[in-house]
Every structure is written in C-alpha cells, then in structure tokens.
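[1] Kindly generate the corresponding structure for this input.
(one chain, ligands or ions: 3)
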Amino acid sequence: MASSPSFPLLLFLSPLILLTVHPLHTPPLSPDNPHFRSPPPSCGPGQSWAVRLHARLDDEGHDLDELAHLVAEDAGLENRGQIGQLAGHYLLCQGADEGQRGTGAGKALAAHRYVAWHSQELILSRSKRSVAFNDPKYPKQWHLHNELRAGMDINVTGVWERNITGAGVTVVVVDDGVQHTLADIQPNYSPEGSYDLNSNDPDPMPHPDARSDNHHGTRCAGEIAAVSNNSFCAVGVAYGSKVAGIRVLDGPLTDSMEAVAFNKHYQVNDVYSCSWGPDDDGRTVDGPHPLGKAALQHGVIAGRRGFGSIFVVASGNGGQYNDNCNYDGYANSIYTVTIGAVDENGRMPFYAEECASMLAVTFSSGGRSLRSIVTSDWSLQEGTGCTDAHTGTSAAAPLAAGMIALMLQVRPCLTWRDVQHIIAYTATQYTDARADWETNGAGFHHSHQHGFGLLNAWRLVNAAKVWDSVPFLVSYQSPVLREERQILAYPANLVLSWNVTAADLKQSGMKTLEHVSMTMTMAHPRRGTVEIVLLCPSGMSSLIGARRALDPDASGYMDWTFSTVRCWGERAEGQYTLQITDHREPSLSLGTLNHWKLTLYGSSMSFQEVKERQRLVVEAMGGQYLNSNFSLPCPPGLDIAPEKVNPLTSNSLKSLLLLGCFALFWSLYYTLEVALAHLDLRELWRGRRGRAQDGFQAVRLEEGPEMELQLQQQQRVADTVAKAPLITADSAT
Ligand SMILES: [Ca+2]
Ligand SMILES: [Ca+2]
Ligand SMILES: [Ca+2]
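    Ligands and ions are numbered 1, 2, ... in the order given. Got it, this is the predicted structure:
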C-alpha cells in the first residue's frame, strides 16, 4: 500500500530527475564542472553491481542520485550513475583488486535500507544478429547474399536475423536419393519423412552409378537445409528446417510410384521439392498420369493436416530446344508451384523454359561466365561433399521450396493456395528488356519468362505473417465445345470464344480468378507449328500453346490441358477468347480443332478484397509485423491419419505370403483328407512308404481334372501373392 502513492510521485519527479541527470551527459557542460563525469559505460568483468533503490525519498529529503551515492559509499563501491533511462537503477563498480571487498559489497547491499534489489552482473553471451557463418563456402553463395550484383539474391538474411530459419517445417526432396550422412545434411535429416521407392526400403541413400550423377537429390537437399555454422561447405535457405528424401528417380518410374511419392509421409513432409519432369526435348507433351494426378489432388486436400502439401516443380531445362512448360503437365497443374530460373543478372538462361503457368523465378546458373549455385554435394564416388556447380531449373526449385519453409514457420496454417497467392502478391518485377512484362486487370505483373517475378524471401515471409487464408477453391467448367473447325494458317486466326455469365458463376460463388485452364483436342500433321493464345475477359493474353520447332508430332493434342496464372485476381465473369493460328510449312495440310473446354479456378474473394490484400501486403513489407509479437490465429488443422499403408510394403507382403501359404497347405490337407476317405485305407497302411507315394500318385491321377483345377487355383493364389513383390520389384528397378 505504501508504494502506491510513491509511484505517481516518482512519475512526477522523473522529469526533474531527468533534468538533473541529463545535463551531466550533454556536451555544453564543461569538463571542469564538478558534476561532470564521463563514467566508462561499464565496470571491468565481474566488478559491476546493479541496484534498484526504493522509489521514494528518505526522511532527510535526499534525491535518488544522492541516495545512490550514499549506498555506493556504504558498500565501498563507486557510483557510475543511473542505468540508461531506468529511474532508480544505478550501476556501482568495485575496483579490480577488490575481490574480497566484493563479497562484503554484496552483503552490504543486501542489508541496505535504500536498496530494493541488487545483483552482481555477469557477462552475457550475445551473438550479433547479423548473419556471419563459419561455413567455408557461404561467402560464395551469391544467391543468398550477392555482393557483386545488388538485389540479385533471394533477400533472405533479414529473415534469418529474425530467427526465421524454417524451424518446425519439413521439406522432402523427391529425387535420386539424399546422402543423409553428410555433415551438412545429417543434423537436419528427417528419416520420418523419407523413403526409397527404388529399393522399397525406408533409407533414401543414393546409390553410386556408372556416371557418378546420383548426386542430384543431395545437392537439392543442401540448397534447402544445409546446416549452418558447422564449418562445413554451405548454408541452406531454410537451415533450421528438416529435410527428407524420397528416392524415386534412380530407375524406371511408373505412375503408381509417382503417386506413392507425392503422398509419402504427407503428414510429416510439408513441402515436396521436385526438380524433374518429362523429357525436355522440345517435342514431348506429357505430365502426371491418372494416379500421379490423383495423388497431387489428394495431397493438396489431405496433406499437411488438410492445409495441403506444397508441391514445388521446376519449369524445365529444355529452353535451348524451344521447350515450353505449358507442355509439361506438372508445371501446368494447378496443384503445383511452378518455378523457373534466372541467372545472377536476372536474365533467363539458355536452358530455362517459359510458360503462362509459371508462378515465379529464382536463381540458378547461367552462361559460362556466370556463377552457378554453391551447395552441399554427395561425397560418394567423385563427390567431395560440396559443389559450386549445381545448375539448371533443378537448382531453382529447391530454393523456392526453402523459401516456402520459411513462410510456413511464421504461419503454419497457410494452405497450398495461400502459398501460391502470396507468391503472386510478392514476387518482384524488375527491368529485363527480354521479359514480356504485362500488368493484368488486377494489377499483378507477369511475364512468360519470369512468372510474377523474382521470389523474395523477405517479402514472402512478411506477407505470410499477415496473410489470412483465402476462401475455399471453387471452379467453373464450360461444356465441351465441339467445333470441328479448321485451324487457319498464319496470319489468319481461328477465333473462338465462350462467355461466362454472372448466372454461370452464381452456383459456385466465384468472383475472382486464380488459374485458368483450357483443355483441347486437335488433329494436326505437325503440332509444333500451332500457336494458341487465350484471352481473359480483361484482355490479358496468355501464350498457352507456344510454337516448338522440334515438335513434328502428327497426332495433335488429345485432351491436353493448358493453364495460365496470368489472369490471377481478375474478375471471373466475361468473355474468354481463344486465338489459334498455324505457322505451318505450306506443304502440310491444315489441322482441325475438334473440341475444347474452359475451366476457371478461383474463389469468392471479391475484386475489392484482392485490392485490399495487395494494400495489406505492401504495408507489411516494412517488417513491423515480423518484428512484433503480432500473430493471426492459426487453426490446428485436421487430424488426418498418416497415409494408408501401401499394401505392397514388405510387412504386409510377408503377412500376405503367410496367409497364402496357410491357405495352400490347408486346402492341400483338406483335399488329401477328402480323397483318402474314398480309398481303402487299410491297403495304404499296409503298403510301404513308396506305395503311399504311389497312392498319392493314384489320387492325383484318379482325381486328375478336379485336383488339377484346385491346384491351378491354388497356384493362382500363390502367384498373386508371389507376384506382389515382383510387381514392386519390377516397378522399383
Ligand atoms: Ca535404400
Ligand atoms: Ca554448412
Ligand atoms: Ca519441359
């Protein structure tokens, strides 16, 4: 009760105290002034005492400064003045050779009537919050901190300084294995998220190969989560995250294996980094097959406790063959984050593929004179555990996966679509004469070469911090539009359109767009000469079907789905137009568009809400939300069981085999018993062992067809059981 009147009094007095203390430290005061002291900011190590005085004046009317002097004197210490701006707190020092008196000082302070609290100060261990790593190759990791070309890095160091390193997030590298015994991987390795589909065991350790190139997955894993400050090689983008490996690329890949890979340990793995895809030869049109597609869809619905697995895919390395990622079904998929590459000048390298469905780009190798990506490497065969030569869009996708891990640390409940939205909202546009930047009706800039722009870790994480989940996904599908129209030769155009009305969208409630897809079937003698442009109602155009000089295929497209992200955030309602033209050689006949179908994906988010979110994201870029304790509520997610046990795992196979054997023996026994019952047993008993066998022979002969059938059936059961591992073995090798 006594302290309650004294606190306002202190408040009242504090300006006075400040007035008396402040001049002591202001320059105009002469050094000759008796009050002038410039005490060293601290005492020697182990010689400083901090005291808090009772916040009231004593009976003789001494002020706090005077009380501090009295206390110091009584304890045999020297008063060094108020500690910072903390009224009533003083720093008292003892001499260097006064260790003995120090103990006495402690006792004196403890007993002193003016002292409310005291403490002998310890040296605090604090590391500077600037990023300095002892990893020998960190200085060469220009993609993390580019000192040569300002701005040409992923802008991540400020995120690390705020302790955002991907903690609590697991990224899985779906590739040719991960050497998890490596010093840069082992401490961050997640065996729980890992699997080997090539050898069907839980250990994704890469196998040495003839060309010593099963280092790919390990390099990608290092880019994501290489351990920092271990005096070894490099630092990962999300060096506080866990990294797992799914070995699937070291052998023939089947649709079912891909499907298993995409959902493997999907309550453990948050982000799937896939630096691979169909052949980048400029003539392939391929993507996930039915099971792979289903697994991608299942992953975004059920993975990560219902928030959705994040699938990151590389745009492809077929740039020199005019390949385009709209012919790659993984890049086209709405479920994936499609990432392209730029070199350290921000230019699209010769190998990189462009397309309308590309979300963003990040760094990788370029021409010979430009630097490649420095990352961990395998140490098998010719590997040294570290490389400065990781290249291609393969090197870009894991950087994106690492940045997404940083986002998920600050906001674990971001859905798979939130992640795509935040990328669209935050990727940065920059000047590149060769990029066809266009700003769409919602104010998002996109180029076929760079997507929405460069991924920027600072922007991604700050936006993630304030991002409220977008409304659930809705879609609209036009009917299949049967055309059977001739595709005209350039410069003429076949123009088709479909109007999406307000009534069409009423049922789903869709207001604004995310992905727009167009599925078509076309007959053509050389499909690589056809060019397809899709216009959204705003007039924003997407080159969804780029020409490919090397694609001579005469089978056209069979229900191929092209997609674009270029209309992101725009109003869904209005007229969509297709422009198809044929840059054909005159000798070839014209093709025919058989039918097409438009699919819109989006949500009930209104156009105004899109603008509001854009404003919020811009506002968050100052870092104020990241710096503060601000956090939006995050629901815990659904309680989804780990993926269903694959019936072809070794344990279930063993059980199946046991069951099968039991069934086989049981039916043999039963058959024998029934058969023997029909025989003269005494004769059999009399006979020698050989006869018993003869008898059995007789049974077999006598009951031939029926027994044969039974045996065949049993054999078939046994076959199915025996084939099970063969099927897996086949598909796995
Ligand atoms: Ca293995
Ligand atoms: Ca390291
Ligand atoms: Ca490709």
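
[2] Show me where the chain dips below the pLDDT cut-off.
    By pLDDT under 70, the low-scoring segments of the chain are 1-42, 55-58, 96-102, 123-130, 644-657, 659-663, 665-667, 669-733.

[3] 80 - rerun?
    Along the chain, the parts satisfying pLDDT under 80 run over 1-46, 55-61, 85, 95-103, 121-131, 642-733.

[4] Show me it divided up by domain.
    Per the record, the chain has its domains at 48-120, 166-416, 475-603, 681-723, by automatic domain parsing.

[5] Who are the contact partners of the closest residue to ligand 3 within the chain?
    Proximity of the chain to ligand 3 (Cβ to the ion) peaks at residue 316, 3.0 Å away. From N, CA and C alone the C-beta is placed, and that goes for glycine too. Listed by Cβ atoms under 8 Å, 6 or more residues apart in numbering, the contact set of residue 316 reads 277, 278, 280, 323, 325, 328, 331, 352, 353, 393.

[6] And it, how far from ligand 2?
    Distance, residue 316 to ligand 2, using Cβ to the ion, to the nearest Å: 29 Å.

[7] Find the nearest non-adjacent residue to that residue, please.
    In space, and not counting its chain neighbours, residue 316 is closest to residue 353: 4.0 Å by Cβ to Cβ, 6 or more residues apart in numbering.

[8] So the spatially most central residue of the chain: helix, strand or coil?
    Closest to where the C-alpha atoms of the chain average out (Cα atoms, centre = their mean) is residue 401, at 3.3 Å. For residue 401, the assignment made with DSSP: H, G, I helix; E, B strand; the rest coil gives helix.

[9] I'd assumed residue 174 was in contact with it.
    No. Using Cβ atoms under 8 Å, residue 401 is not in contact with residue 174, being 10.3 Å away.

[10] so what sits against both of those two?
    With Cβ under 8 Å, 6+ apart as the test, residue 401 and residue 174 both reach 272, 273.

[11] how about the residues of the stretch 51-200 of the chain that lie near ligand 2?
    135, 184 (Cβ under 5 Å from the ion).

[12] same check, this time on the stretch 301-450 of the chain
    Checking the stretch 301-450 of the chain against ligand 2 by Cβ under 5 Å from the ion, there are no hits.

[13] Where does the stretch 301-450 of the chain get nearest to ligand 1, which residue?
    Closest point on the stretch 301-450 of the chain to ligand 1, by Cβ to the ion, is residue 380, at 13.3 Å.

[14] Against residue 114, how distant is that residue?
    Taking Cβ to Cβ, to the nearest Å as the measure, residue 380 falls 70 Å from residue 114.

[15] can you give me the helices for the stretch 251-400 of the chain?
    Under the criterion DSSP state H, counting those that start in this stretch, the stretch 251-400 of the chain contains helices at 255-263, 290-302, 329-332, 393-410.

[16] With distance to residue 160 as extra columns, can I get these in a markdown table?
    Listed next are the helices of the stretch 251-400 of the chain as a markdown table, based on distance: least, Cβ to Cβ, whole Å:
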| stretch | distance to residue 160 |
| --- | --- |
| helix 255-263 | 30 |
| helix 290-302 | 29 |
| helix 329-332 | 30 |
| helix 393-410 | 9 |
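
[17] Which of those helices sits closest to residue 342?
    helix 393-410 (8.0 Å; Cβ to Cβ).

[18] Give the helix, strand or coil label for residue 594.
    Assignment for residue 594 (three-state DSSP): strand.

[19] Would you mind measuring from it to residue 333?
    23 Å.

[20] neighbour count winner among those two?
    residue 333 (24 against 18; other Cβ atoms under 10 Å).

[21] check contacts around that one.
    Residue 333 sits next to 287, 288, 293, 296, 311, 313, 563 when contact means Cβ under 8 Å, 6+ apart.

[22] Apply 7 Å and report the result again.
    Residue 333 is in contact with 288, 296, counting by Cβ atoms under 7 Å, 6 or more residues apart in numbering.

[23] what's the answer for the one 3 residues further on, then?
    When contacts are counted by Cβ under 7 Å, 6+ apart, residue 336 touches 311, 313, 330.

[24] That one pairs with what?
    Beta-bridge pairing of residue 336, defined through DSSP bridges, involves residue 311.

[25] Also residue 581?
    Those that pair with residue 581 in a beta bridge, by DSSP bridges, are residue 531.

[26] close enough to count as contact, it and residue 493?
    Yes. Look at residue 581 against residue 493 with Cβ atoms under 7 Å: they come within range, at 4.9 Å.

[27] Mind checking which of the two has more residues around it?
    residue 581 (21 against 16).

[28] Distance of that one relative to residue 490?
    Separation of residue 581 from residue 490 (Cβ to Cβ): 5 Å.

[29] all strands for the stretch 401-550 of the chain, in order.
    438-439, 445-446, 474-477, 481-486, 494-500, 512-523, 530-535, 541-545 (DSSP state E, counting those that start in this stretch).

[30] who wins for proximity to residue 607 among these?
    The closest of these to residue 607 is strand 512-523. By Cβ to Cβ, the value is 5.9 Å.

[31] Next, the angle strand 541-545 makes with the closest one.
    Calculated by axes from the mean of the first three to the mean of the last three Cα atoms, to 10 degrees, strand 512-523 forms an angle of 40 degrees with strand 541-545.

[32] could you say what helices and strands strand 512-523 packs with?
    With contacts taken as 3 or more Cβ pairs under 7 Å, 6 or more residues apart in numbering; DSSP states H and E, strand 512-523 sits against strand 557-564, strand 592-603.
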